[in-house]
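> Could you work out the structure for the sequence below:
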Amino acid sequence: MGILFTRMLSSIFGNREARILVLGLDNAGKTTILYRLQMGEVVSTIPTIGFNVETVQYNNIKLQVWDLGGQTSIRPYWRCYFPNTQAIIYVVDSSDTDRLVIAKEEFHAILEEDELKGSVVLVYANKQDLPGALDDAAITEALELHKIKNRQWAIFKTSAIKGEGLFEGLDWYRTATPIYPSSCEKALMAMILIGAYLTLGFLALAVRLHVVFIAGSGDRGVREVSYFI
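Numbering: from 1, shown residues only. From the prediction side, this is the model:
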C-alpha cells in the first residue's frame, strides 16, 4: 500500500513530458534557441538540414524539442513530425521585415493541419537585440495572431543571444497546458490521497481487531490471530 501511495504522489509531483516542435523560417534563430534552452549558453550553429532533437529539462517539465530546418525545400516535410505534438514554438526573426509575409503564410498553414489542431502555440518574436527589430505588438499584427481561434496562444519578445524571454515563454506554457496541474490542484489531490491512505490504515486495524475478537470468544484463553492488509 505504501508503494502504491508513493507512486500516486509521484504522478502528481513528478516530471511531466511534452513533445514540442520548434518551427519558423530559416535564420529565425530556432537552433540557437534550442541549445540556449538546453545548455544555457549560445552555441555556434549552421543552417539545419533536416532536424535536431534534444531533451530540455525545465522545472518539472521534460520537453522533447524538435528543431526543424526552415529552408523552402524542407518546409513541406514538417508535417512528417506533426503527430503527437503538444505545442508549437514558432520563431520569427523580428528584424527580417522583408519576409514577414512569408512567415505569416507558413504560420497559418501550420495551424490548418489536422494533426496540430489541439496544439498550444507559443510565438517567439526573436532577435530583439538587433536594431530595427519589431516589438511583440507589431509581430502580432504582422502574423495576424488575432485570427487564431479555439486554441491557446501567446507571444513573447525574445533574444536567443541574450537568453531573454525564452523561459518566460515556457512558464506560460506550463500554466496554459492542462496536463500540468496547478498548485491548488496538486494540494487538493495530495489531501485526497493522504485521506485515502489513512482510511485504508484504519480499515486494516479494524479488520485485525475483529479477527482477534472472534478467535478469542470461544476459547478459555485468548488466541490472537493477526490479519494485515
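> Please state the mean pLDDT value computed over stretch 91-98.
Here stretch 91-98 scores 95 as its mean pLDDT.
> residues in contact with it?
22-25, 27-30, 33, 99-100, 103, 123-128, 130-135, 138-139, 143, 157 (Cβ atoms under 8 Å, 6 or more residues apart in numbering). For the C-beta atoms, the positions are set from N, CA and C on the backbone; glycine is no exception.
> again, 6 Å this time
24, 28-30, 103, 124-127, 130, 132-134, 139 (Cβ atoms under 6 Å, 6 or more residues apart in numbering).
> Give me the below-cutoff pLDDT ranges for the chain.
Scanning the chain for pLDDT under 70 picks out 1-16, 40-54, 65-77, 178-190, 192-193, 195-197, 200-229.
> All the helices of it, in order from the start?
Assigned by DSSP state H, the helices in the chain fall at 2-13, 30-39, 100-111, 136-143, 166-176, 183-217.
> ok, how many other residues are close to residue 101?
Neighbourhood size, residue 101 [other Cβ atoms under 10 Å]: 11.
> how deep is the nearest residue to it once chain neighbours are set aside tucked in, by neighbour count?
Closest residue in space to residue 101, ignoring its immediate chain neighbours: residue 142 at 8.0 Å, by Cβ to Cβ, 6 or more residues apart in numbering. Neighbourhood size, residue 142 [other Cβ under 10 Å]: 18.
> Then residue 98?
Neighbours around residue 98, by other Cβ under 10 Å: 8.
> how close does residue 132 get to residue 160?
17 Å (Cβ to Cβ, to the nearest Å).
> between these two, which one's more packed in?
The neighbour count for residue 132 versus residue 160, taken as other Cβ under 10 Å, is higher for residue 160 (26 against 9).
> residue contacts, the more buried one?
Residues in contact with residue 160 (Cβ under 6 Å, 6+ apart) are 29, 32-33, 36, 126.
> Next, count neighbours for the closest residue to it other than its chain neighbours.
Spatial nearest neighbour of residue 160, chain neighbours left out: residue 32 (4.1 Å); criterion: Cβ to Cβ, 6+ apart. When neighbours are defined as other Cβ under 10 Å, residue 32 has 20 of them.
> begin at 109 from here
Let's use 109 as the start, then, which means that last one is residue 140.
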